[in-house]
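Q: Sequence below, structure please.
(one chain, ligands or ions: 1)
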Amino acid sequence: MFRAILLEQVDSAFRASLQQLEDTALDGQEGDVLVRVEYSTLNYKDGLAIANRSPVVRKWPMVAGIDFAGLVESSGHPQWKAGDRVVSNGWGAGEVHWGGLAERAKVPGDWLVRLPEAISTRQAAAIGTAGYTAMLCVMMLERHGLAPGGEVLVTGAAGGVGSVAVALLAHLGHRVVASTGRPQEADYLQALGAAELIERSALATAGRALQKERWNGVVDVVGSTTLANACAQTRYRGVVAACGLAGAMDFPASVAPFILRGVKLIGVDSVMCPSDDRRTAWERLARELDPALLERMAAEISLAEALEWAPRLLDGAVRGRLVVDVAR
Ligand code: NDP
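A: Below you'll find the predicted structure:
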C-alpha cells in the first residue's frame with residue numbers, strides 16, 4: 001500500500017483527499033521506473049489542481065503532484081538502477097499521469113534527471129519545479145544576451161519562482177529589483193539578494209507602450225499588464241523571460257518595445273523542456289544556489305497538509321517554497 005493525494009470526480013463532483021492505494025494501482029500507469037518518493041512539493045499548478053480552480057487534471061482519477069524527488073526502487077530502463085537518486089518535473093505528471101504527491105511514483109525513465117551529489121532529495125523538493133523554472137529563465141536570459149552588471153526585474157518575487165530567481169540572479173552579479181505585493185517580506189527578499197524592492201501595484205496599471213528604459217532582463221511570473229509594463233521598461237535589446245500567469249493569462253501589450261528597441265520576449269516552459277536543458281538546470285542549481293538561502297525559502301508540510309495549503313498558495317499567502325514530506 002502507499003499513500004497519495006487522490007483527485008477524483010465522484011458523481012461529477014470534484015474531490016481531493018489523502019488515500020491509501022494498493023501498489024497494483026500503479027499498474028495502469030505508463031513507465032518503466034518505480035520511484036520511492038521521499039519529498040514532493042506544492043507548486044502553483046498543484047494548487048490549481050488540488051483546489052480545482054483550473055482544468056489542470058485531464059484524466060481521472062489522478063494522483064496530484066507535478067514533481068517529486070526520491071530513490072529508484074526498481075527499473076526496467078537502462079539508465080537507472082535501484083538506489084539512484086532522481087528528480088522529476090512536469091512531463092504531464094499530476095495532469096495526465098499519476099504524480100508525485102504520493103509515496104510511490106511510476107514514470108518513464110526518460111523523464112528522470114539524476115540528482116547532482118550536492119543536492120539532497122529534500123533540497124531538490126525545496127527547489128521543485130518552481131526553482132528549476134527559475135533556473136530555466138536565467139538560462140534563457142543568458143542565451144539571449146543578458147550579461148551581469150545591470151538591473152534585472154523579478155516579479156512575484158516572494159513566491160516560489162521569484163524567490164529562487166532573486167537568489168540566482170543576485171549570485172550571478174545582477175542588480176536585482178524585486179517586485180512584490182508583500183512589502184513585509186522586504187527583509188526576506190533582501191536576504192536572498194534583492195538590491196531594491198518595488199511595489200507590485202507599480203506595474204499593475206496600464207502604461208505607455210514605451211516607458212523609461214531600465215531593465216537589462218526580466219523574469220516575469222505574473223503575466224498580463226505587469227508583463228506588458230515590464231517589456232515597455234526593458235532597455236534596448238534587453239530580454240524578458242515570461243513563465244507565469246499568477247496575475248492573469250492575457251497580455252495587453254504593444255509591439256513597440258519589440259520593433260523599436262529590439263526587446264526579446266522569451267517564453268519559458270518547464271513541462272516539456274528537453275532533457276539536456278533539464279540536466280544543465282539541475283547541475284547549475286547545485287553550483288549556483290546557496291543552500292542556506294534555499295533553506296530560508298523552504299517550509300515543510302505533510303502530505304495531508306498539502307490539501308489545505310493548496311488554496312493558500314493560489315491566494316499568494318505562501319512565501320518561497322513548500323516542501324512536502326510524503327512520509328508524514
Ligand atoms: P507562487 O504562488 O509561489 O508565487 C506567485 C507570486 O506571484 C506570489 O507569491 C505573488 O508574489 C505574486 N502574485 C500572486 N498573485 C498575484 C496577482 N494577482 N498579481 C500580481 N502578482 C501576484 O507561484 P510560483 O512562483 O510557483 O509560480 C508562479 C507562476 O509561474 C505561476 O503562474 C505558475 O503557474 C508559473 N509557472 C510556470 C512554469 C512554466 O513551466 N512556465 C513552471 C512553474 C511555475 P508577491 O507576493 O511577491 O507579489
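Q: going forward, measure contacts and count neighbours with C-alpha atoms only.
A: Fine.
Q: So what touches stretch 173-192?
A: With contact meaning CA atoms under 8 Å, 6 or more residues apart in numbering, stretch 173-192 is reached by 148-158, 163, 166-167, 169-170, 193-201, 293.
Q: which stretches of the stretch 101-250 of the chain form helices?
A: All helices of the stretch 101-250 of the chain, identified by DSSP state H, counting those that start in this stretch, fall at 121-143, 160-171, 186-192, 224-232.
Q: Check whether the longest one comes near the ligand.
A: Yes. Applying CA under 6 Å from any ligand atom, one finds helix 121-143 touching the ligand at T129, A130, T133.
Q: got these as a markdown table, with neighbour count columns?
A: Formatted as a markdown table, the residues of helix 121-143 next to the ligand follow (neighbours: other CA atoms under 10 Å):
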| residue | neighbour count |
| --- | --- |
| T129 | 27 |
| A130 | 29 |
| T133 | 27 |
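Q: Any chance of TSV for these, columns pLDDT?
A: Output for the residues of helix 121-143 next to the ligand, formatted as TSV (pLDDT from 0 to 100):
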residue	pLDDT
T129	97
A130	96
T133	98
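Q: circling back to that earlier point, show me which of the contacts of stretch 173-192 are buried.
A: Neighbour-count burial (16 or more other CA atoms under 10 Å) is assigned, among those, to 148, 151-158, 163, 166-167, 169-170, 193-195, 197-198, 200, 293.
Q: what does the chain have sitting close to the ligand?
A: Counting by CA under 6 Å from any ligand atom, the residues of the chain that sit close to the ligand are 43-45, 129-130, 133, 156-162, 180-182, 200, 221-222, 243-247, 268-271, 313-314, 316, 320.
Q: On the pLDDT front, check the residue lying closest to T180 once chain neighbours are set aside for me.
A: For T180, ignoring the flanking residues on the chain, the nearest one in space by CA to CA, 6 or more residues apart in numbering is R200 at 4.7 Å. The model reports R200 with a pLDDT of 97.
Q: Next: the one 3 residues further on.
A: Looking at L203, its pLDDT reads 98.
Q: That one against Q233, yeah?
A: No. If you go by CA atoms under 8 Å, L203 and Q233 don't touch, sitting 10.0 Å apart.
Q: which residues does L34 bridge with?
A: S74, K106 (DSSP bridges).
Q: looking at it, it is touching K106, isn't it?
A: Yes. Between L34 and K106 a contact is recorded at 4.5 Å, counting by CA under 8 Å.
Q: Comparing those two, which residue is more hemmed in?
A: Neighbours per residue (other CA atoms under 10 Å) separate L34 from K106, with K106 holding more: 25 against 21.
Q: Just to check, that one is in contact with V37?
A: No. In this structure K106 lies outside contact range of V37 using CA under 8 Å: 9.9 Å.
Q: Need the overlap of contacts for these two.
A: With CA under 8 Å, 6+ apart, K106 and V37 have no common neighbours.
Q: excluding its backbone neighbours, what's nearest N216?
A: G238 (4.8 Å).
Q: Pull the contacting residues for the one you found.
A: Taking CA under 8 Å, 6+ apart, one finds G145, L146, W215, N216, G217, G262, V263, K264 in contact with G238.
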